[in-house]
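Enquirer: I would like to see how this sequence folds:
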Amino acid sequence: DPARLVVVRRAGSMEHAALDVRTSRENDAEGEKEAVRQKSRLAWRGAVHDALRDSFGRAHTYLRVSLTERCNLRCTYCMPAAGVQLTPNEQLLTPAELERLTLLFASLGVRKLRLTGGEPTVRRDFDNIVQRMSAVPGLRVFGVTSNGIALRRKLPMLAAAGVTRLNISLDTLDATRFANLARRPGLELVLASLNAALSMPQVFAPVKLNVVVMR
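Expert: Presented below is the predicted three-dimensional model:
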């Protein structure tokens, strides 16, 4: 199974600092990030680090990053009707922190990245995250998994950022069945996103469907 990155950090781990101290730290962090980028560029032609190999010697070069627990659907097989207690936004990794962690994984040999959720498109900084991830050297495959509700309007941005693979959840083609499963209407939106993605085969190849098979 691909490694799955937990995108929660400790509450209160970042404290306020004086402006000059914060500026110094930001400069140090930017220099460190550039060093990691350089290491990742060099790793492009190198072997996979032992940290990404299991006890059978298999290399795990596929990283899935869950951006959020939030979702704009309430699928019966996934979430209670009332929802669940969510991690506070201030405890989620920021776009800069997500970029840094992805840089580190890429420097070790990760070559395939997928952004998931929850539903990743519901994050307000989703566009910023995608653009940051697209700049990580060494990644050969960049994908996104979505339920398709808000995906259509994001497709131009995803294409421009170099996303080439999409997984769209679609459990039924019946609108009533969809609303019963998802506890929300939205089949037309999902199909519109799917058709829009399929109309761009020069960008998104392949486009895959995620289906939960139920009796």
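
Enquirer: so Cys114, which state does it fall into?
Expert: Slight slip there: residue 114 is Arg, not Cys. Three-state secondary structure (criterion: DSSP: H, G, I helix; E, B strand; the rest coil) places Arg114 in strand.

Enquirer: wait, what's in contact with it?
Expert: Pro2, Tyr62, Leu63, Arg64, Val65, Phe142, Gly143, Val144, Thr145, Arg165, Asn167 (CB atoms under 8 Å, 6 or more residues apart in numbering). In this view, the C-beta of every residue, glycine as well, is placed from N, C-alpha and C.

Enquirer: got phi/psi on the closest residue to Gly117 other than its chain neighbours?
Expert: Leaving aside its sequence neighbours, Gly117 sits nearest to Thr68 (CB to CB, 6 or more residues apart in numbering; 5.2 Å). Thr68 adopts backbone torsions of phi -160, psi 160, taken as degrees, to the nearest 10.

Enquirer: what sits against the residue nearest the centre of the chain?
Expert: The centroid of the chain falls nearest to Leu115 when counting by CA atoms, centre = their mean (1.6 Å). The contact partners of Leu115, taken as CB under 8 Å, 6+ apart, are Arg64, Val65, Leu67, Ile129, Val130, Met133, Gly143, Val144, Thr145.

Enquirer: how close does it sit to Phe126?
Expert: Distance from Leu115 to Phe126, counting by CB to CB, to the nearest Å: 8 Å.

Enquirer: find residues that contact each of these two.
Expert: Here Leu115 and Phe126 share the contacting residues Leu67, scored by CB under 8 Å, 6+ apart.

Enquirer: report pLDDT for Leu19.
Expert: Leu19 is assigned 38 on the pLDDT scale.

Enquirer: kindly indicate which of the contacts of Arg114 lies nearest Thr76.
Expert: Distance to Thr76 across the contacts of Arg114 (CB to CB) is lowest for Thr145, with 19.1 Å.

Enquirer: could you list the buried residues of whatever helix or strand that closest one lives in?
Expert: Element membership for Thr145, per DSSP states H and E: strand 141-146. Within strand 141-146, the residues scored as buried using 16 or more other CB atoms under 10 Å are Phe142, Gly143, Val144, Thr145, Ser146.

Enquirer: one more: stretch 161-181?
Expert: Ala161, Val163, Arg165, Leu166, Asn167, Ile168, Ser169, Leu170, Asp171, Thr172, Phe178, Leu181.

Enquirer: wasn't the fifth one part of a strand?
Expert: It refers to Asn167. Yes: secondary structure of Asn167 (three-state DSSP): part of a strand.

Enquirer: check contacts around Gly57.
Expert: Not one residue lies near Gly57 by CB under 8 Å, 6+ apart.

Enquirer: what are the phi and psi values for it?
Expert: Per degrees, to the nearest 10, the backbone of Gly57 is at phi 80, psi 10.

Enquirer: what about it, distance to Phe178?
Expert: With distances taken as CB to CB, Gly57 is found 44 Å from Phe178.
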